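Student: Build me a structure from this.
(one chain, ligands or ions: 1)
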Amino acid sequence: MSDAAGHSSLDFSHKLAGSPLQRLQSPFLQQADIQLYVKRDDLIHPQFGGNKWRKLKYNLIYAKENQFDTLLTFGGAWSNHIYATAAAGKHFGFHTIGLIRGEEHLPLNATLSFAKDCGMHLHYINRAEYRQKNETAFLNKIRQQFGNVYILPEGGSNSLAIKGCAEIVEEISDELENPFDIICCASGTGATLAGLISALNPRQTAIGFSALKGGEFLNDEVETFLNHEKIKSTPLPKNWHIETDFHFGGYAKLNDELIQFMSEFQSQYDFALDAIYTGKMFYGLFERIKAKAFKPGTTIIAIHSGGLQGNKGFNL
Ligand SMILES: *Cc1c(COP(=O)(O)O)cnc(C)c1O
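Tutor: Residues are numbered from 1 along each chain as shown. Below you'll find the predicted structure:
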């Protein structure tokens, strides 16, 4: 269905139903006796796939139902979330405003020029302002300036985002004959991981591979997200942990070893990884498999959360 402006209505039930689950096969995995599947969320949509779409989905439904016509959000100059919000906003008929951290640099980089071409209004805020992005006083000021906008936090990480990420687990359960043992994702804010955890059964474990240095902070972040979701009387689930050793020096830092791993991965398995998140997750997961961290016969799911647009920032 389309509205008068030719925009698709918010009917997600057909084309954007989910993503394929792909089994990876190689001598390495066979020798380790690990069954590894990749949830190819990068294939959901060429422009707004990945976990950023999972996080947007219920937010967009909420925004439509509550008559918001404009989405406003925050991000850095290479943000996957800015990119996805601009594309999804255009697709589903929302105006979009991006508050971008730092100063304008012209010509715009690939991410921001794409966002602008999607119709996103780019507005730059300095780093001190950017740090206030979750504070009520700042958000009130934003609403005064931009009107009745639906505000998405950085990375799209809120309660409705967690609901969207929980659907990943539900989809996989329909796709596999037997339940999986482990599910892995790359983590930045921890919202995706929290969504996965919220949908696991107690015999399953979720692992978040931190894309940032000092990934221990994610333990608190994930608990906070889970607390928001919590049904009062049940204890918080403990069947998850964070891997903190595979950040390669910090957010968006990379080295030759990572780049070489990504390129070997692509030749072996025939699809690309992004350097900021999924490259580091697969590197870390393979290291853990090599170190025999998982029992023979374990079934592992790794989520390809997208992010490939960001590789342009490294000329990859
Ligand atoms: C944003 C992003 C993540 C991190 O997700 P969080 O929910 O913030 O932990 C992981 N992978 C990709 C490709 C992303 O763009």
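Student: ok, Gly297 - contacts?
Tutor: Asp33, Gln35 (Cβ atoms under 8 Å, 6 or more residues apart in numbering). All C-beta spots, glycine's among them, are computed from the backbone N, C-alpha and C.
Student: is it true that it lies in a strand?
Tutor: No: using DSSP: H, G, I helix; E, B strand; the rest coil, the assignment for Gly297 is coil, not a strand.
Student: How far does stretch 304-316 sit from its chain's centre?
Tutor: 13 Å (Cα atoms, centre = their mean, to the nearest Å).
Student: what about stretch 289-307, how long is it end to end?
Tutor: Chord length of stretch 289-307, first to last residue, is 24 Å (Cα to Cα, to the nearest Å).
Student: Give me the buried positions along it.
Tutor: By 16 or more other Cβ atoms under 10 Å, the buried positions in stretch 289-307 come out as Ile289, Phe294, Thr298, Thr299, Ile300, Ile301, Ala302, Ile303, His304, Ser305, Gly306, Gly307.
Student: Averaged pLDDT, it. What do you get?
Tutor: Average pLDDT, stretch 289-307: 98.
Student: Please compute how far it lies from its chain's middle.
Tutor: 18 Å.
Student: Ok, stretch 97-108 next?
Tutor: 21 Å.
Student: repeat for stretch 279-294
Tutor: That offset, for stretch 279-294, works out to 20 Å (Cα atoms, centre = their mean).
Student: Distance of the closest residue in space to Val169 that isn't next to it in sequence relative to Trp53?
Tutor: Once flanking residues are discounted, Val169 sits nearest to Ala199: 3.7 Å by Cβ to Cβ, 6 or more residues apart in numbering. The gap separating Ala199 from Trp53 is 17 Å, by Cβ to Cβ, to the nearest Å.
Student: What count of nearby residues applies to the residue nearest to Val169?
Tutor: By other Cβ atoms under 10 Å, 20 other residues sit near Ala199.
Student: On the pLDDT front, check it for me.
Tutor: Looking at Ala199, its pLDDT reads 95.
Student: show me the contacts for it.
Tutor: Ala166, Glu167, Ile168, Val169, Glu170.
Student: Check whether stretch 176-194 comes near the ligand.
Tutor: Yes: contact of stretch 176-194 with the ligand (Cβ under 6 Å from any ligand atom) involves Ala186, Ser187, Gly188, Thr189, Gly190, Ala191, Thr192, Leu193.
Student: Is the first one in contact with Met281, as I believe?
Tutor: Yes: here Ala186 reaches Met281: they are 4.0 Å apart, a contact under Cβ atoms under 8 Å.
Student: near the ligand, which residues of the stretch 51-200 of the chain show up?
Tutor: So the stretch 51-200 of the chain meets the ligand at 51-52, 80, 155, 157, 186-193 (Cβ under 6 Å from any ligand atom).
Student: Going by neighbour count, which of these comes out on top?
Tutor: In those, the most neighbours by other Cβ under 10 Å go to Asn51, 36 neighbours.
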